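Student: whatever this is, show me its structure:
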Amino acid sequence: MTRLVLVRHGETEWHAENRYAGVTDVALTPRGLEQAGLLAGWAQQAGLSALWSSDLTRARLTAAFSAEATGLPLQVDPRLRELDFGRAEGLTRAEMRERFPDALAAFHDDPVSGHLPGGEDPQAAAERFTACLDDIVARHPDGRVMVVAHTTAIRLVLCRYLSLPLRDYRRVFPSVRNCALTEIELTDGRVALLEFNTPLVGAIGAPGGGHRSRTTNAH
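Tutor: From the prediction side, this is the model:
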């Protein structure tokens with residue numbers, strides 16, 4: 001049995017305007033650094049056996065705080081990176097509506113078959129992300145591993161593991177908070193969702209926390 005704690009990186013400079021970052025290397029904000037520090041405080045008490053991260057700077061820097069706090073080596077894998085959003089990289093929803101309204105409408109209807117123009121196929125992204133997590137599980141049996149990654153990638157892999165249609169990833173999991181905790185347990189090929197999108201202030205072991213909340217934010 002292995003437990004994976006999937007964590008979205010801290011807040012970035014594009015967060016306020018809700019710009020699609022994808023594979024663009026966007027810096028963390030001061031608040032994002034603060035969130036990474038809070039995550040490290042949780043990680044120090046979480047009994048982790050390993051720490052993995054996407055290779056994008058916002059994820060690596062978020063995870064680095066926890067690596068320092070726990071003394072665990074940070075292991076980086078590019079398969080954990082976010083989707084490439086193609087022509088949507090760096091744009092807001094309003095800007096996409098101006099530049100390619102038909103493609104945006106197709107994306108809203110089915111974000112997998114109608115994925116954003118020039119972007120990565122979400123099916124392929126789900127496969128690479130799942131393959132990486134499967135490798136992590138094989139390397140850390142009977143461990144608890146924190147994986148710092150990205151919102152769309154996390155939602156896609158949850159659909160894959162829980163046998164949900166990939167096209168529903170935005171509907172079933174409307175958002176993932178920065179540095180919130182999502183934990184799954186994998187036992188002999190079976191997957192259980194233990195918690196989803198729990199804010200650190202409500203997580204057991206987090207400074208100021210004492211309960212677990214599973215409320216999600218909608219965009």
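
Student: only C-alpha atoms for contact and neighbour calcs from this point on.
Tutor: Noted.

Student: how many residues are close by Asp135?
Tutor: By other Cα atoms under 10 Å, 11 other residues sit near Asp135.

Student: now the helix or strand harbouring it: mean pLDDT?
Tutor: Using DSSP states H and E, Asp135 maps to helix 122-139. Throughout helix 122-139, pLDDT has a mean value of 97.

Student: chain center to that helix, what's the gap?
Tutor: Its chain's C-alpha centre and that of helix 122-139 lie 13 Å apart, by Cα atoms, centre = their mean, to the nearest Å.

Student: tell me the strands beside the helix or strand just after it, with direction?
Tutor: Heading C-terminal from helix 122-139, the first helix or strand you meet, by DSSP H and E, is strand 144-149. Here strand 144-149 has these sheet partners by DSSP bridges: strand 2-8 (parallel), strand 50-53 (parallel).

Student: circling back to that earlier point, just want the angle from the helix holding Asp135 to strand 2-8.
Tutor: 140 degrees (axes from the mean of the first three to the mean of the last three Cα atoms, to 10 degrees).

Student: so, low pLDDT: which residues of the protein?
Tutor: Applying pLDDT under 70 to the chain picks out residues 202-219.

Student: closest to the centroid, which residue in it?
Tutor: The structure's the chain has its C-alpha centroid closest to His150; by Cα atoms, centre = their mean the separation is 3.1 Å.

Student: contacts only, for Thr70.
Tutor: For Thr70, the residues meeting the contact criterion (Cα atoms under 8 Å, 6 or more residues apart in numbering) are Ala40, Ala43, Gln44.

Student: kindly report the same for Ser54.
Tutor: Ser54 makes contacts with Arg60, Val76, Asp77, Pro78, Arg79, Leu80, Arg81, Val148, Ala149, as judged by Cα under 8 Å, 6+ apart.

Student: out of the residues you listed, which end up buried?
Tutor: For these, a burial check counting by 16 or more other Cα atoms under 10 Å picks out Arg60, Val76, Arg79, Leu80, Arg81, Val148, Ala149.

Student: nearest to Glu183, out of the strands paired with strand 144-149?
Tutor: strand 2-8 (4.3 Å; Cα to Cα).
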